[in-house]
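S.K.: the sequence and its predicted three-dimensional model are supplied below.
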Amino acid sequence: MTALLSLGGLGKDWFGVPAVADLTLDVPEGIVLGIVGENGAGKSTLMNMIGGIAPPTHGAMRWRGEPYAPAGASDATARGIAFIHQELNLFTNLTVAENIFIDGFPRRFGLIDRTTMRRRTADLLARLDLRATPDTPVESLAAGERQIVEIAKALHREAELIIFDEPTTSLTARESAKLFETIARLKQGGATICYISHILADVRRLSDRIAVLRDGRLVGEGPVADYDIATMIRTMIGRQLSALYPPRSAMPGADVVLRLDRVTQPGVAQDVSFEVRRGEIFGLFGLMGSGRSELARIIFGLDPLARGTITLNGLPLHGPARSRIAQGVAFVTENRREEGLMMDAAIADNLSLTAIDSFGRGPFGALDRDRLAGAAETLRHDMHIKAGNLARQPVRTLSGGNQQKVVIGKWLLNEPGLFILDEPTRGVDVGAKHEIYTIADDLAARGSGILLISSELDELMGMCDRIGVMNRGELLGTFAREEFREPAIMAMAFREQAA
């Protein structure tokens, strides 16, 4: 097979820590190459080098046999390399056509030629089977449709290599299936695809070849037939993972930590009542739009409550989020980048966010940075955070899984009685998932109540003592562990859709 892109001894250091080291790999033309690895394995850094965003520290790249050393992202685009990022790069206030031509509008007599824009855009949308018009505002499109617009941009630029980075993180099952059909059509049309994902079943389904990274090095590469899911996991983490979900360390107690009584907010929640006991992991399951995350925001004080009561350890929860943090509530949101972290701040500063007052000293409360550094180092060790200098390294330079560990770690210094975990393992690899599950089990064993919200039913069944099922703002029922049956839980979640 002819190599479209060749990497020879490629390496990149961040803050003195090797992110990629001595990586040699050929990307054959016209295939789908699945790239897998734990968070921090070097996948994003590798892609940033290919895309001209991060110049290699050493090594070289070749494109169709010619030297390739991009000075910036525009050089990669000019060569025919396109990225479909997890966070889409679209202007939602513009139309589909305007986004596709954003880098260069066609002109006629000095004016933007909108007729040509609409015609070319319509052709692209037809190729990708997207039922939208060139004049459709992007803000009116669903997440999966927006992703197709990004792919249309790549086709407009005549991209030969298209890199997908965790493309299904925010997609429904139907949108993911549509994306997979689109990728198959791209391959049939001669495009080369690099597909990066933590959903190993998807990687195996789509790929012709698999490349496995660990600690910045290529530790396995070959045809997909050689890599079943167990082999991928073993190669990724360097050991056999006997069980994804750790055995529970302790049983739930009788004391009630959180109680909701007929919690109602019009259009969001309707008469929701349940309890979370000390040491219990209580799961909330439901389809998109069921109201799970909205209910979590009400509990944490981010959104209003029309009627009903919420109590923590028998006392009413009141006031805004700041007050509820003081009362012992922690909230790990599903959007870690925008709501969970200060991306440009140092890792240590992020870890101290919710407990900063406890690191004051002297009559004026000056920040005791030595004590803060000690606490951050303890959290790094306990949570296996892969990082360099915690006081200097921005949290945005960490992998997604390590960012999520920082999000969780910032709450541990407060020793909260209630943890709300909303999609805590979204976009993280199987090894990091296991570590996050172990952290949740440890928190429950210490006596915290855990409210775990997830779109992955397997995750809830593997971790929870009970699962509540929501549908359009209502809690339809609760299953105890001995009652866990996937068909029954799914049937309840789909109740109104099937009606």
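M.R.: Alright, I've got the coordinates. Numbers count the residues shown, from 1 in each chain.

S.K.: shaky segments in the chain?
M.R.: With pLDDT under 70 as the threshold, the chain has low-confidence stretches at 1, 15-16, 86-88, 170, 239-243, 360-365, 496-499.

S.K.: so what's the most centrally placed residue in it up against?
M.R.: For the chain, residue 427 is the residue whose C-alpha lies nearest the centre (Cα atoms, centre = their mean; 3.0 Å). Shown here is residue 427, whose contacts under the criterion Cβ atoms under 8 Å, 6 or more residues apart in numbering are 86, 166, 169, 198, 400, 404. For glycine as for every other residue, the C-beta is placed from the backbone atoms N, C-alpha and C.

S.K.: from those, which land in helices?
M.R.: 400, 404 (DSSP state H).

S.K.: for residue 2, grab the count of nearby residues.
M.R.: 9 (other Cβ atoms under 10 Å).

S.K.: next one: residue 487
M.R.: Residues contacting residue 487 under the criterion other Cβ under 10 Å number 7.

S.K.: a strand runs through it, doesn't it?
M.R.: No - counting by DSSP: H, G, I helix; E, B strand; the rest coil, residue 487 falls outside a strand, being helix.

S.K.: and the gap between it and residue 111?
M.R.: Here residue 487 is placed at a distance of 60 Å from residue 111 (Cβ to Cβ, to the nearest Å).

S.K.: now swap in residue 4 and tell me
M.R.: Residue 4 sits 38 Å away from residue 111 when distances are taken as Cβ to Cβ.

S.K.: could you check which of those two has the larger neighbour count?
M.R.: Neighbours around residue 4 and residue 111, counted as other Cβ under 10 Å, are more numerous at residue 4. The numbers are 22 against 8.

S.K.: buried stuff in stretch 25-32?
M.R.: By neighbour count with 16 or more other Cβ atoms under 10 Å, stretch 25-32 contains the buried residues 25-27, 29-32.

S.K.: on that earlier part again, would you turn the contacts of residue 427 into JSON lines with neighbour count and distance to residue 370?
M.R.: Compiled in JSON lines, the contacts of residue 427 are given as follows (neighbours: other Cβ atoms under 10 Å; distance: Cβ to Cβ, whole Å):
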{"residue": "86", "neighbour count": "18", "distance to residue 370": "37"}
{"residue": "166", "neighbour count": "21", "distance to residue 370": "38"}
{"residue": "169", "neighbour count": "17", "distance to residue 370": "38"}
{"residue": "198", "neighbour count": "26", "distance to residue 370": "37"}
{"residue": "400", "neighbour count": "22", "distance to residue 370": "30"}
{"residue": "404", "neighbour count": "28", "distance to residue 370": "27"}
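
S.K.: between the contacts of residue 427, which is closest to residue 356?
M.R.: Relative to residue 356, the closest of these is residue 404; by Cβ to Cβ it sits at 20.7 Å.

S.K.: surely the closest one touches residue 336?
M.R.: Yes - Residue 404 is in contact with residue 336 according to Cβ atoms under 8 Å; the separation is 5.9 Å.

S.K.: return the subset of the buried residues of stretch 25-32 lying in strands.
M.R.: Using DSSP state E, the members of those that fall within strands are 25-27, 32.

S.K.: can I get these in a markdown table with distance to residue 218?
M.R.: As requested, these are exported to a markdown table (distance: Cβ to Cβ, whole Å):
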| residue | distance to residue 218 |
| --- | --- |
| 25 | 6 |
| 26 | 11 |
| 27 | 12 |
| 32 | 18 |
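
S.K.: dump the residue contacts of residue 349.
M.R.: With contact taken as Cβ under 8 Å, 6+ apart, residue 349 is in contact with residue 342.

S.K.: give me the distance from whichever strand or helix holds it to the chain's centre.
M.R.: Using DSSP states H and E, the secondary-structure element containing residue 349 is helix 347-351. The chain centroid and the centroid of helix 347-351 are separated by 20 Å, computed with Cα atoms, centre = their mean, to the nearest Å.

S.K.: ok, stretch 106-121 next?
M.R.: Stretch 106-121 has its average C-alpha position 37 Å from the chain's average C-alpha position, going by Cα atoms, centre = their mean.

S.K.: quick one: residues in contact with that stretch.
M.R.: Contacts of stretch 106-121 with the rest of the structure, by Cβ under 8 Å, 6+ apart, involve 96-98, 100-101, 105, 134-135, 152, 156.

S.K.: stretch 485-492 too?
M.R.: Under the criterion Cβ under 8 Å, 6+ apart, residues 285, 457, 461, 467, 469, 471, 476-477, 479, 498 lie in contact with stretch 485-492.
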